[in-house]
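> the following block contains a protein sequence and its predicted model.
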Amino acid sequence: MRIIKADDRLKAVQKINIALFGPSGVGKTTLARTLPEESTLFVDLEAGTLAIQDWRGDVIDVRAAAQEYTKYPWEIARALALYIGGHDPSDAAGPYSKPVYDAVAKAFEGINLDKYETIFVDSITVASRECFKWAKTQPEAFSEKTGKPDNRGAYGLLGQEMIRWLTHLQHSSKSVITVGILDAEKDDLNRITWTPQIEGSKTGKELPGIFDQVCTIQNFKQEDGSLYRGICCQQQNPWGYPAKDRSGRLELIEPPHLGKLMKKIREGKRIDTNIVTTLPA
């Protein structure tokens, strides 16, 4: 077993995994244009790249690939995660096993992953919808007694598949950025709660523990009333946006530029240098 020395760890270029959420139309997909074109692979689950039509990076159209291979879009998305992250040694005969990886690698042999440092997935919202469509066709989604559809089984399979998919992507050697829609939900007292738009509740609850960075892109208001776009990066924020900064290097609001954000995570100075280990008097 190899022990990673501090000097080796500090010299290595750290991969960064980001889950980025924001309301529809705020410009989540557009942020891909702030990433290096030559080293970014855009995985399109939305069936549309209009927001990045002048961006010259490489794109994989999952829906088109599903039509080509006569598979569900979710099966293509899962196969891509397997190809990007490699096989799982703990999976002997499942969808992330070595035999399945070998078959996928042969089918995707035209995709040279060595040239990519970052995988941009658009979006986790659509991925969950496609996963649910697929889950409803599986044996787990039907009652053993009556043979009728059982949504509880489908949702259970959905949660398992999504968590496994995201975890496998997160464990790859590439930086992974996945974006999703953010919904505002009001309770009976008109209090607003911001939640990621993902099919089923399991994935949304466990997602913050999977990714190093969870961010929200939103329009913020200046003192003069004008609006500007920014990325909320800290868990303690006055709006209740989903956010988490494991690097400890990001301000409450950062500029809407993923390239600069990732550089700051790797090279910036830690803000939370003082670790408080006592309770207030």
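Structure's in. What do you need?
> drop to CA atoms for contacts and neighbour counts, all remaining ones
OK.
> where do the helices sit along the stretch 151-281 of the chain?
Assigned by DSSP state H, counting those that start in this stretch, the stretch 151-281 of the chain shows helices spanning 151-170, 202-210, 258-267.
> in the longest one, which residues are buried?
Pointing back at helix 151-170 there. 151, 153-159, 161-170 (16 or more other C-alpha atoms under 10 Å).
> same check on the shortest one?
Along helix 202-210, the positions that meet the burial threshold by neighbour count (16+ other C-alpha under 10 Å) are 202-204, 207-208, 210.
> using CSV, list the CA coordinates for it.
Extracted C-alpha coordinates of helix 202-210, given in CSV (Å, rounded to 0.1, in the frame of the first residue of the first chain):
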residue,chain,number,x,y,z
LYS,A,202,-32.6,10.6,-1.6
THR,A,203,-30.2,12.1,-4.2
GLY,A,204,-30.8,15.7,-3.1
LYS,A,205,-30.2,14.9,0.6
GLU,A,206,-27.0,12.9,0.0
LEU,A,207,-25.5,15.1,-2.8
PRO,A,208,-23.7,17.6,-0.5
GLY,A,209,-21.7,14.8,1.1
ILE,A,210,-20.6,13.6,-2.3
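> what angle do it and helix 151-170 make?
With axes from the mean of the first three to the mean of the last three C-alpha atoms, to 10 degrees applied, the angle from helix 202-210 to helix 151-170 works out at 20 degrees.
> for this protein, which strand is longest?
strand 175-186 (DSSP state E).
> OK, contacts around residue 256?
Residue 256 sits next to 31, 217, 229-231 when contact means C-alpha atoms under 8 Å, 6 or more residues apart in numbering.
> quick revisit: closest one to residue 19 among the helices of the stretch 151-281 of the chain?
Each of these has some distance to residue 19 by C-alpha to C-alpha; the shortest is helix 202-210, at 8.2 Å.
> for that closest one, which helices and strands make contact with it?
Contacting helix 202-210 under the criterion 3 or more C-alpha pairs under 8 Å, 6 or more residues apart in numbering; DSSP states H and E are the following elements: helix 151-170.
> read off the pLDDT value for the closest residue in space to residue 166 that isn't next to it in sequence.
Leaving aside its sequence neighbours, residue 166 sits nearest to residue 210 (C-alpha to C-alpha, 6 or more residues apart in numbering; 7.4 Å). Residue 210 carries a pLDDT value of 91.
> swap in residue 144?
If you check residue 144, the pLDDT there is 84.
> please apply the same query to the one 4 residues further on.
Reading off the per-residue confidence, residue 148 sits at a pLDDT of 88.
> who's in contact with the residue nearest the centre of the chain?
Residue closest to the average C-alpha location in the chain (C-alpha atoms, centre = their mean): residue 178, at 2.9 Å. Going by C-alpha under 8 Å, 6+ apart, residue 178 touches 18-20, 120-124.
> of these, which is the nearest to residue 147?
Distance to residue 147 across the contacts of residue 178 (C-alpha to C-alpha) is lowest for residue 124, with 30.6 Å.
> count the neighbours of that closest one for me.
By the measure other C-alpha atoms under 10 Å, the count of residues near residue 124 is 24.
> run through the bridge partners of the closest residue to it other than its chain neighbours.
In space, residue 124 comes closest to residue 180 once its chain neighbours are excluded; the distance is 5.2 Å by C-alpha to C-alpha, 6+ apart. Assessed by DSSP bridges, residue 180 has beta-bridge partners residue 21.
> residue 180 and residue 25 touch, don't they?
No - counting by C-alpha atoms under 8 Å, residue 180 sits too far from residue 25 to count as a contact (11.3 Å).
> if you count what's nearby, which of the two comes out ahead?
Higher neighbour count among residue 180 and residue 25: residue 180, with 24 against 10, using other C-alpha under 10 Å.
> any idea how far that one is from residue 225?
Using C-alpha to C-alpha, to the nearest Å, we find residue 180 at a distance of 27 Å from residue 225.
> can you confirm residue 104 is in a helix?
Yes - Residue 104 sits within a helix when classified using DSSP: H, G, I helix; E, B strand; the rest coil.
> end to end, how far does stretch 51-67 reach?
So stretch 51-67: terminal residues 23 Å apart, C-alpha to C-alpha.
> from the middle of its chain, how far away would it be?
Put simply, stretch 51-67 sits 17 Å off its chain's centre (C-alpha atoms, centre = their mean, to the nearest Å).
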